[in-house]
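Engineer: The sequence and its predicted three-dimensional model are supplied below.
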Amino acid sequence: MSPQELFEEGAFLLMKQRFEEAIEYLSKALEADPQMAKAYQARAAAYLKLERLDEAEADLEKALSLEPENPRLHFRMGQIFYRRSQLTDQEEDKRALLEKALEFFNRAIDIEPLYAAAFMARSQVYRDLGEEELADFDLDKAAAVQRETAKAKKIVDF
C-alpha cells in the first residue's frame, strides 16, 4: 500500500472509532512518508480519543513543524491542554494549562476567523477561568459563524 492508501485506511478506521487499528495504519503511513502532516494530525486525534495526551502532543508538534499555519493543528493542541487542565487538582497548574489552551485556540482563530469549533472551545476555557462575559461572547460568535456558514452553503448549493 502507498502512504496515501495507508493514510486513507487509517482515517477510515478513525472514523469507525477503531482507534488502535487506525494508529497502526497511520504509523505505517508515517514510516513511509514522515512528511505527511495529515497523518500526524489523524494519529493525534486517535491518541486523543484514547487519552494518550503525550503521544497526541508529540504528533501535533511534528505536524505543526510541517504546517505551522494549519488552524486545526492549533485547535487540537488547545484540546490537549484543555484536557490536561481537567485532569489536575492543583489550581495553579489548572490555570496554567487553561492559559496554554487559550493560546492555541486564539491562534486557530487568528488563522481561521470563522472557526466555530475554536470559538466554542475558547468559550469553555473562558468559562473555566471565570470570564463569563468573554465566554458568552464567544458562544454567540460560534453560533453566528455557524449560521453564516449554513447560509453560504445554501447559496452555493442552491
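Structural biologist: Here it is on my side, so go on.
Engineer: What distance do you get for the residue nearest the centre of the chain to Asp136?
Structural biologist: Per C-alpha atoms, centre = their mean, the C-alpha nearest to the average position across the chain is that of Arg76, at 2.1 Å. When distance is defined by C-beta to C-beta, to the nearest Å, Arg76 is 25 Å away from Asp136. For every residue, glycine as well, the C-beta is placed using N, CA and C.
Engineer: hang on, the earlier thing: mind checking what secondary structure the residue nearest to the centre of the chain has?
Structural biologist: Per DSSP: H, G, I helix; E, B strand; the rest coil, the secondary structure class of Arg76 is helix.
Engineer: What score does it have for pLDDT?
Structural biologist: As summarised for this prediction, Arg76 has a pLDDT of 96.
Engineer: I'd like the average pLDDT over the host helix or strand of Ala42.
Structural biologist: Here Ala42 sits within helix 37-49, counting by DSSP states H and E. What helix 37-49 shows for mean pLDDT is 97.
Engineer: buried set for it?
Structural biologist: 37-48 (16 or more other C-beta atoms under 10 Å).
Engineer: now stretch 12-23
Structural biologist: Applying 16+ other C-beta under 10 Å to stretch 12-23 flags 13-14, 19, 22-23 as buried.
Engineer: And for stretch 115-129?
Structural biologist: Residues 115-126, 128-129 are the ones in stretch 115-129 that count as buried (16+ other C-beta under 10 Å).
Engineer: which residues are contacting it?
Structural biologist: Surrounding stretch 115-129, the residues in contact under the criterion C-beta atoms under 8 Å, 6 or more residues apart in numbering are 71, 75, 78-79, 82, 85, 94-95, 98-99, 101-102, 105-106, 108-109, 112, 132, 134-139, 141-142, 145-146, 149.
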